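Q: Got a predicted structure here, sequence first:
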Amino acid sequence: MEIYPFLPDPFGFRCEHIWFDQNTVILKLISLTTTTDCPVCGQSSHRIHSRYTRTLSDLPWMGMTVQLRLRVRRFFCDTPTCPYHTFAERLPQMAAAYSRKTYRLTQALCRIGFAVGGEAGSRLAFHLGIPTSG
């Protein structure tokens, strides 16, 4: 198994493709997990309902923004009393549910915000390859 140390979760994903688009590095990743737990009832599931692409921003590389395009799955929940009939695969090592940024990018933005803050922090983040608003 190949290990990609530049990924937020090097053991959970396989890098399918890397391409460059102007000032952005785009990585297409595929999840390697075979089962996952329902976020409501906790029942483990292996029955795949569908797949979709989730896009996350990550730490910059060589001054270029990095975008992760994750091919994740939706699973069936087989617990009859569970209100979720299907649920999306969670990425606990990489990002919070519904987040568009990885944990490590969020942490970097928080550090910049606490150290510099406001418009000055926004300008610093832009020069580091992390475009954001003030």
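A: Nice, thanks for sending it over. Numbering: from 1, shown residues only.
Q: Mind pulling the model confidence for Thr33?
A: Confidence at Thr33, expressed as pLDDT, is 82.
Q: Look at the nearest residue to it once chain neighbours are set aside and say how many residues are nearby.
A: Leaving aside its sequence neighbours, Thr33 sits nearest to Gly12 (CB to CB, 6 or more residues apart in numbering; 6.3 Å). The C-beta positions use only the backbone N, C-alpha and C, and glycine is treated the same way. Around Gly12 there are 16 other residues, counting by other CB atoms under 10 Å.
Q: How far does stretch 93-113 stretch from one end to the other?
A: For stretch 93-113, the separation between the terminal residues is 23 Å (CA to CA, to the nearest Å).
Q: Now do the buried residues in it.
A: Within stretch 93-113, the residues that count as buried by 16 or more other CB atoms under 10 Å are 94-95, 101-103, 105, 108-109, 112-113.
Q: repeat for stretch 79-97
A: Applying 16+ other CB under 10 Å to stretch 79-97 flags 87-91, 94-95 as buried.
Q: quick one on the thing from earlier: what's near enough to touch the residue nearest to Thr33?
A: 31-33, 91, 93-94 (CB atoms under 8 Å, 6 or more residues apart in numbering).
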